[in-house]
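> Any chance you could fold what I've pasted below:
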Amino acid sequence: MTEQSNLVVFQRRTRYRLERFDDIKFSTQSYLVKDLLPRRGLAFYSGQSKAGKTFVCLDHCLKIASGAKVMGRKAKHMGIVYVAAEDPDGVRMRIDGWRQKYPRGSTTPFILIGQRVDLMDDASVDDLKGAIRDAVAQFDDDGFALGAIVFDTLAQCIPGADENSSGDMGRALQVVQDFGDTFNTCLLYTSPSPRDRQK
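Numbers count the residues shown, from 1 in each chain. Next up, the predicted model:
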């Protein structure tokens with residue numbers, strides 16, 4: 001292979017990063033919340049219906065956005081994009097109550113998207129990515145990086161999909177993980193427990 005053809009191979013656009021043997025280094029996993037949530041990756045809040053999944057997830061996210069500890073653990077002070085697809089008014093009410101209980105004198109990098117999204121539709125996914133890029137730009141202006149994107153609930157973000165179908169859920173989670181790859185961030189979602197999904 002000529003020097004010119006080598007140049008073409010390494011300059012082409014790709015999502016994959018090539019690590020040369022001598023440059024490979026091990027790095028420990030960093031955390032969004034120490035020993036609880038990864039800095040990058042996928043995590044979920046699951047439980048019975050009406051068990052408080054949204055309440056707990058939202059509280060954790062607001063604490064991350066305000067630079068507070070989460071369940072006594074250190075958290076990185078980062079931006080949160082919260083997609084409240086199931087009950088946006090309920091989430092707004094909780095945020096208002098949280099804001100009254102924990103008054104803030106500084107910027108809190110938290111953005112709410114209060115509309116349903118369709119993660120099974122390419123145009124909807126592209127639209128949502130555009131909105132998240134706008135949110136990231138606002139965080140950047142305030143001096144913060146994006147820490148997590150939240151889908152609450154995942155079921156409301158995949159209309160028409162069967163939560164008990166491994167094919168449907170596999171496709172949905174692949175799309176969710178693509179958001180993590182695109183924005184280099186942690187992905188969180190809320191979901192009923194497997195027992196509740198079967199009812």
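> show me where this structure has helices.
3-11, 53-66, 88-101, 122-142, 166-183, 194-197 (DSSP state H).
> Could you single out the most deeply buried of the ones you listed?
helix 53-66 (a mean of 21; mean count of other CB atoms under 10 Å). Placement of C-beta: from N, CA and C, glycine included.
> Give me the contact list for it.
By CB atoms under 8 Å, 6 or more residues apart in numbering, the residues outside helix 53-66 that reach it are 32-33, 37, 45-47, 69-71, 75-80, 82, 86-87, 90-91, 94-95, 98, 102, 104, 108-110, 147-148, 150, 152-153, 188, 190-191.
> quick one: which of those residues sit in strands?
32-33, 37, 45-47, 79-80, 82, 110, 147-148, 150, 152, 188, 190-191 (DSSP state E).
> For the most centrally placed residue in the chain, give its distance to residue 52.
With distances taken as CA atoms, centre = their mean, residue 149 lies nearest the centre of the chain, 2.3 Å away. Residue 149 sits at a distance of 21 Å from residue 52 (criterion: CB to CB, to the nearest Å).
> sorry, back to before: leaving out sequence neighbours, find the closest residue to the residue nearest to the centre of the chain.
In this structure, residue 149 finds its nearest non-sequential neighbour in residue 81, 4.8 Å apart by CB to CB, 6 or more residues apart in numbering.
> That neighbour and residue 158, how far apart?
Residue 81 is 18 Å from residue 158, by CB to CB.
> Any regions of this structure where pLDDT drops low?
1-13, 15, 27-29, 193-199 (pLDDT under 70).
> mind redoing it with 80?
Counting by pLDDT under 80, the chain contains low-confidence residues at 1-17, 26-29, 49-50, 162-166, 192-199.
> about what we covered before: which residues does the residue nearest to the centre of the chain contact?
Residues in contact with residue 149 (CB under 8 Å, 6+ apart) are 80-81, 83, 132, 179-180, 183, 185-188.
> What is the burial count for residue 106?
When neighbours are counted by other CB atoms under 10 Å, residue 106 registers 8.
> try the one 10 residues further on
Neighbour count for residue 116, taken as other CB under 10 Å: 14.
> quick one: it and residue 159 touch, right?
Yes - counting by CB atoms under 8 Å, residue 116 does reach residue 159; the two are 7.4 Å apart.
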